[in-house]
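*Asks:* Here is my input, please return the structure:
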Amino acid sequence: MSITLLHLIPTDPRFSPAPAASEAAQARLRQLIPEAWGGYDVWNIPGTAFIDPGENWCGVRCPVCGADIEEWWDDAMRTTALPDGYFGSLAVTVPCCSARTDLNALAYAEAAGFARYSLVTTDPECELPLPPAVVGELENLLGTELRQVVARY
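*Replies:* Down below sits the predicted model:
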């Protein structure tokens, strides 16, 4: 039996909202998605972590030239990760066109990203991804733009 996690993460990987904003966003999320079989959670992560789509993974491409960089990405993730598994600098130079970018800006086929904070809903009973208007409400409460990562495990 698999589970689905909906992560709503800031587009800025180092952003963490004020506690009151986080509480307001979590309460609003419960109203917007009233049925989630696995519940709701907030992840305040002690370092910048990779939020992956799990079984929904479909690869990664260069955001500049569009080349498939999945093989390089595996090595880049290993070499940029800190000993604790979190990430410091996300800056990289992609091998295909030598463009300077960062791991969070890569073109993931299914949304993925880096974050220190995530609003999480487990097994939500709604169509995913959420409509832009719904995400916009949560962005206004948190004071930041959000990326949706739909993960299946």
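*Asks:* Only C-alpha atoms from now on, for both contacts and neighbour counts.
*Replies:* Will do.
*Asks:* helix or strand right after the strand or helix carrying His7?
*Replies:* Following DSSP states H and E, the helix or strand that holds His7 is strand 4-10. Next helix or strand after strand 4-10 toward the C-terminus (DSSP H and E): helix 19-32.
*Asks:* tell me, how many neighbours does the residue lying closest to Val135 once chain neighbours are set aside end up with?
*Replies:* Nearest residue to Val135 in three dimensions, chain neighbours excluded: Leu146, at 7.2 Å (Cα to Cα, 6 or more residues apart in numbering). Neighbourhood size, Leu146 [other Cα atoms under 10 Å]: 20.
*Asks:* Same question for Ser16.
*Replies:* Ser16: 20 surrounding residues under other Cα under 10 Å.
*Asks:* which other residues reach the one helix or strand Val149 maps to?
*Replies:* Taking DSSP H and E as the definition, Val149 sits inside strand 146-152. Applying Cα atoms under 8 Å, 6 or more residues apart in numbering, the contact partners of strand 146-152 are 2-11, 51-56, 110-113, 128-130, 135, 139.
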